[in-house]
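Chemist: here are the coordinates; sequence isn't available:
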């Protein structure tokens with residue numbers, strides 16, 4: 001595979017992408033764009049631009065990663081479509097606005113567009129999903145995801161708490177959980193919202209019911225919790241089958257464990273506590289672009305992405 005030219009737009013979470021792309025050694029030119037990028041210290045040989053339009057005009061870009069606020073991401077996608085700039089790989093961070101999804105659908109098939117739902121690319125989640133399918137667990141699930149968002153600790157205002165800008169519990173965090181569920185079972189249907197709780201006008205707790213094979217399942221999310229718990233449990237009472245993936249740490253990906261009938265399986269070495277696993281996943285993706293951005297993987301991911309945000313839009317209207 002020839003060396004490629006990469007443009008990363010966004011320098012906050014974009015730095016995860018930058019580090020991963022450097023370590024992948026797949027690019028002969030890496031550009032990062034952000035209004036404040038000139039103030040940031042970056043590795044040598046990384047090109048920096050305040051305006052993303054400049055490198056797009058002056059260089060043939062093979063891959064674009066957009067890791068910005070949803071509205072900015074939407075503006076970038078509109079710019080690409082209007083100017084007919086269609087790189088081979090487009091890597092998007094969620095959340096996606098409804099308008100952004102409409103724009104994506106207008107891109108030609110030669111542009112392979114992937115959304116970064118990180119749990120989809122995690123080895124533990126891959127193993128878990130494969131076992132669910134192999135065991136043919138047709139029952140119900142209970143999904144609990146509790147953590148404390150940084151805002152509730154430092155009180156620093158950020159778009160990630162503002163629903164108008166694509167933030168908040170529903171727009172920013174809930175898509176991960178719904179995507180995880182849909183990637184296992186295609187016939188899951190959103191049923192109703194059971195409970196909501198607020199803290200200083202911010203939605204912090206949501207309890208949702210889903211229908212899975214006529215069985216009622218539940219999803220609970222809390223982004224202002226004093227406990228850390230990310231647990232998805234599938235059950236079939238009649239067959240006495242129970243399969244669980246669980247993380248009780250404050251790390252996003254590095255400490256998941258899989259349990260069958262309450263016994264841990266697929267034990268692996270513990271990842272160092274100073275890593276949360278996201279960069280490791282991104283390194284794998286950037287190192288294996290043809291695999292992750294294959295037509296089959298991208299089409300499946302896009303379909304699930306659309307369905308995820310269709311459910312998010314329904315929930316937002318309630």
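Modeler: Ah, there it is. The structure displayed is predicted, hence computed values, not measured ones. Residues are numbered from 1 along each chain as shown.

Chemist: looking at this structure, which helix is longest?
Modeler: Assignment by DSSP state H gives helix 295-317 as the longest helix of the chain.

Chemist: from the contact counts, what lies against it?
Modeler: Contacting helix 295-317 under the criterion 3 or more C-beta pairs under 8 Å, 6 or more residues apart in numbering; DSSP states H and E are the following elements: helix 98-104, strand 112-115, helix 174-184, strand 189-199. Placement of C-beta: from N, CA and C, glycine included.

Chemist: mind doing that once more with 10 Å?
Modeler: strand 89-92, helix 98-104, strand 112-115, helix 174-184, strand 189-199, strand 202-212, helix 289-292 (3 or more C-beta pairs under 10 Å, 6 or more residues apart in numbering; DSSP states H and E).

Chemist: show the average pLDDT along that helix.
Modeler: Helix 295-317 shows a mean pLDDT of 94.

Chemist: between that helix and strand 202-212, how big is the angle?
Modeler: Helix 295-317 and strand 202-212 are oriented at 120 degrees to each other (axes from the mean of the first three to the mean of the last three C-alpha atoms, to 10 degrees).

Chemist: report the beta-bridge partners for residue 232.
Modeler: residue 143, residue 245 (DSSP bridges).

Chemist: that one and residue 144, how far apart?
Modeler: Look at residue 232 and residue 144: by C-beta to C-beta, to the nearest Å, they are 8 Å apart.

Chemist: what sits in contact with each of these two?
Modeler: 177, 219, 246 (C-beta atoms under 10 Å, 6 or more residues apart in numbering).

Chemist: out of those residues, which comes closest to residue 253?
Modeler: residue 246 (12.8 Å; C-beta to C-beta).

Chemist: which residues touch residue 315?
Modeler: 170, 171, 174, 178, 190, 192, 193, 206, 208.

Chemist: now swap in residue 217 and tell me
Modeler: Contacts of residue 217 (C-beta under 10 Å, 6+ apart): 139-143, 181, 185, 188, 191, 208-211, 233-235.

Chemist: hmm, 6 Å instead?
Modeler: Residues near residue 217 by C-beta atoms under 6 Å, 6 or more residues apart in numbering: 140, 141, 210.

Chemist: residue 12: neighbour count?
Modeler: 13 (other C-beta atoms under 10 Å).

Chemist: which SS class is it?
Modeler: Here residue 12 is recorded as coil under DSSP: H, G, I helix; E, B strand; the rest coil.

Chemist: low-confidence stretches in this protein?
Modeler: 1, 237-238, 268-274 (pLDDT under 70).
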